[in-house]
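Visitor: fold the following for me, if possible:
(one chain, ligands or ions: 1)
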Amino acid sequence: MSVPARKKSSSSVRRRRSHHSLSKVDIASCAKCKEAVQSHRACTNCGTYKGRHAVETSKDTVKLIEKSTKAKAVKTEKEKKKTPKK
Ligand SMILES: [Zn+2]
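Guide: Presented below is the predicted three-dimensional model:
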């Protein structure tokens with residue numbers, strides 16, 4: 001394994017690391033649900049961006065699943081009623 005030819009001076013290390021700082025993130029509040037949102041990004045809570053529903057959130061999928069299971073339950077009940085008992 002190769003080894004660096006010479007020790008890096010503290011000043012060159014500091015010069016390199018001067019670009020490692022993190023920048024501050026802009027935070028706004030969602031117009032629909034008032035949740036804290038990163039600006040120029042869709043809301044992670046309700047999935048809206050600029051007043052439109054833009055992104056599917058986990059809450060949406062849960063709602064969809066609940067809807068489909070309810071619809072299935074209603075369907076099976078209807079089928080049970082239709083089929084005559086022997
Ligand atoms: Zn929202």
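Visitor: around the ion, pick out the residues from the chain.
Guide: Counting by C-beta under 5 Å from the ion, the residues of the chain close to the ion are 30, 32, 33, 35, 43, 45, 46. Bear in mind the C-beta positions are built from the backbone N, C-alpha and C, glycine included.
Visitor: chain neighbours aside, what residue packs nearest to the second one?
Guide: The shortest distance from residue 32 to any residue that is not its chain neighbour, by C-beta to C-beta, 6 or more residues apart in numbering, is 4.9 Å, and that residue is residue 48.
Visitor: which residues does that neighbour form a beta bridge with?
Guide: residue 53 (DSSP bridges).
Visitor: out of the residues of the chain next to the ion, which sit inside strands?
Guide: Using DSSP state E to define strands, no part of these is located there.
Visitor: pLDDT score assigned to residue 14?
Guide: Confidence at residue 14, expressed as pLDDT, is 97.
Visitor: hmm, back to that, neighbour count and distance to residue 17 for the residues of the chain next to the ion - can I get that in CSV?
Guide: As requested, those are exported to CSV (neighbours: other C-beta atoms under 10 Å; distance: C-beta to C-beta, whole Å):
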residue, neighbour count, distance to residue 17
30, 17, 36
32, 15, 41
33, 12, 40
35, 11, 35
43, 23, 35
45, 16, 36
46, 20, 40
